[in-house]
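Pasting a predicted model and its sequence here:
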Amino acid sequence: MFTEIGPWLDTRTGRADDWPPEAVLAAKGNHTVSVVLPARDEERTVGQIVGRIRRELQERFPLVDELVVVDSCSTDATARVAADAGARVIHQDAVLSRYGALPGKGDALWKALAVTTGDLVVFIDADLRNFGTHFVTGLLGPLVSDPSVVYVKGSYDRPLADGAATQPHGGGRVTELVARPLINLHWPALAGFIQPLAGEYAGRRTVLERVPFVTGYGVELALLVDLFDMAGLSALAQVDLGVRVHSHQTIEELGRMAGHIMLTAWSRLKREGRIVAADRPQNRMLQFCHVGNGRTLRVSDVGVHERPPLITVPEYATASRLAPQREQ
């Protein structure tokens, strides 16, 4: 069941160090690059990330043609900080508004794809505390150097800070406890992805616009499975980006994330005709949340909602036909 993984790891796993800005620029050719940061209440980190991309990958090296922050209904100064640092800021609910508003990161990514123009699109989370431009150049390297690669995931070590102590490899709890078992059980060919839920990845617009976007926490798993189904394992790659440091969520938040991911996996198995169910799983999760020395009950909706492939959206399809021909 894992026979494909060894050869794939040898040929489709690289390191960001292999792709410094000079090498990516030399290989870029006629490609255009959009970098997108989905952001919700990230005023403390988004400006630093945008500023570094602006200075190093736009002014020093003309690699990034478009730098966009999608403000996902922030209640802090995320939009202002991002704009001051040099990004074009898009408000999530203002894009394709006639399709209504849906919560979640995946909706922000779908709408970002709708308003950007680059034929290569890089997605970077806005909560990174140790961002370096190698996050962008590392993900772009395989795409600009090999036309058979359509999608690149970041991989990294994720330390977990717990008070004064730090576990060097303790992050990624939902990955190890939920996503990795699901992938091994149902999509074993994808088991070689070190960080299947990584928030840093890049792809060709020509494939991203042809897959649906799950709007909640399941977006990364859904993209990986759907693009594998569309393009095959050999068209997917991963790049080691080193270490990723970011804020960590509470155990209750991780539980809700796990619910999204499990329902996303169920939706893909159902779509592929691999399960027959008498009824849909419940999409409500009851949790016992600790408040002081007591507990309170919380019921959350962890249901999976999807945006359709953008190529099927009339406004986007029309704009794509009118736009200059993109690099294929």
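Structure received.

Just the buried residues of stretch 38-51, please?
Buried residues in stretch 38-51, counted by 16 or more other Cβ atoms under 10 Å: 38-43, 45-51. Heads up, the C-betas are built off the backbone N, CA and C, glycines and all.

Straight-line length of it, end to end?
With Cα to Cα, to the nearest Å as the measure, stretch 38-51 spans 15 Å from end to end.

So for it, mean pLDDT?
On average, the pLDDT along stretch 38-51 is 96.

what residues does it touch?
Stretch 38-51 is contacted from outside by 37, 67, 69-78, 80-82, 84-87, 105, 108-109, 112, 123-129, 131, using Cβ atoms under 8 Å, 6 or more residues apart in numbering.

what's the answer for stretch 259-276, then?
Residues outside stretch 259-276 that contact it (Cβ under 8 Å, 6+ apart): 174, 178-179, 182, 186, 197, 214, 216-218, 221-222, 225-226, 229, 277, 281, 283, 285, 300, 302-304, 306.

Now restrict those to buried residues only.
Buried, going by 16+ other Cβ under 10 Å: 174, 178-179, 182, 186, 197, 214, 216-218, 221-222, 225-226, 285, 300, 302-304, 306, out of these.

Restricted to helices, list those.
Of those, the ones assigned to helices by DSSP state H are 174, 182, 186, 221, 222, 225, 226.

quick one: which of the buried residues of stretch 38-51 is nearest residue 30?
In terms of Cβ to Cβ, no member of these lies closer to residue 30 than residue 50, at 25.5 Å.

any idea how far that closest one is from residue 259?
Distance, residue 50 to residue 259, by Cβ to Cβ, to the nearest Å: 32 Å.

any low-confidence regions in the protein?
Where the chain drops to pLDDT under 70, the residues are 1, 160-172, 246-248, 320-328.

can you pull the contacts of residue 148?
Residues counted as contacts of residue 148 (Cβ under 8 Å, 6+ apart) are 234, 235.

Shouldn't it be within a helix?
No - under DSSP: H, G, I helix; E, B strand; the rest coil, residue 148 sits outside any helix and is assigned coil.

Do a quick rundown of the helices in the stretch 201-328 of the chain.
For the stretch 201-328 of the chain, the helices defined by DSSP state H, counting those that start in this stretch occupy 205-208, 219-231, 251-271, 314-322.

Residue 149: which of those is closest?
Evaluated with Cβ to Cβ, the helices of the stretch 201-328 of the chain place helix 219-231 nearest to residue 149, the distance being 9.3 Å.

Which strands and helices lie in contact with the closest one?
Packing partners of helix 219-231 (3 or more Cβ pairs under 8 Å, 6 or more residues apart in numbering; DSSP states H and E): helix 105-115, strand 151-157, strand 201-204, helix 205-208, strand 213-214, strand 236-243, helix 251-271.

Now do the longest one against helix 105-115, angle only.
Orientation note: helix 251-271 sits at an angle of 60 degrees relative to helix 105-115 (axes from the mean of the first three to the mean of the last three Cα atoms, to 10 degrees).

Name the residues of helix 251-271 that are buried.
254-269.

Report the distance from that helix to the chain centre.
How far helix 251-271 lies from its chain's middle: 16 Å, per Cα atoms, centre = their mean, to the nearest Å.

What of the second one?
Here strand 151-157 is found 10 Å from its chain centre; the criterion is Cα atoms, centre = their mean.

tell me the angle of it relative to helix 219-231?
Going by the same axes, to 10 degrees, strand 151-157 makes 140 degrees with helix 219-231.

What of the first one?
Here helix 105-115 runs at an angle of 60 degrees relative to helix 219-231 (the same axes, to 10 degrees).

isn't residue 29 right up against residue 144?
Yes - using Cβ atoms under 8 Å, residue 29 is in contact with residue 144, at 7.1 Å.

Which of those two has more residues huddled nearby?
With neighbours defined as other Cβ atoms under 10 Å, residue 29 and residue 144 compare such that residue 144 has more, 22 against 8.
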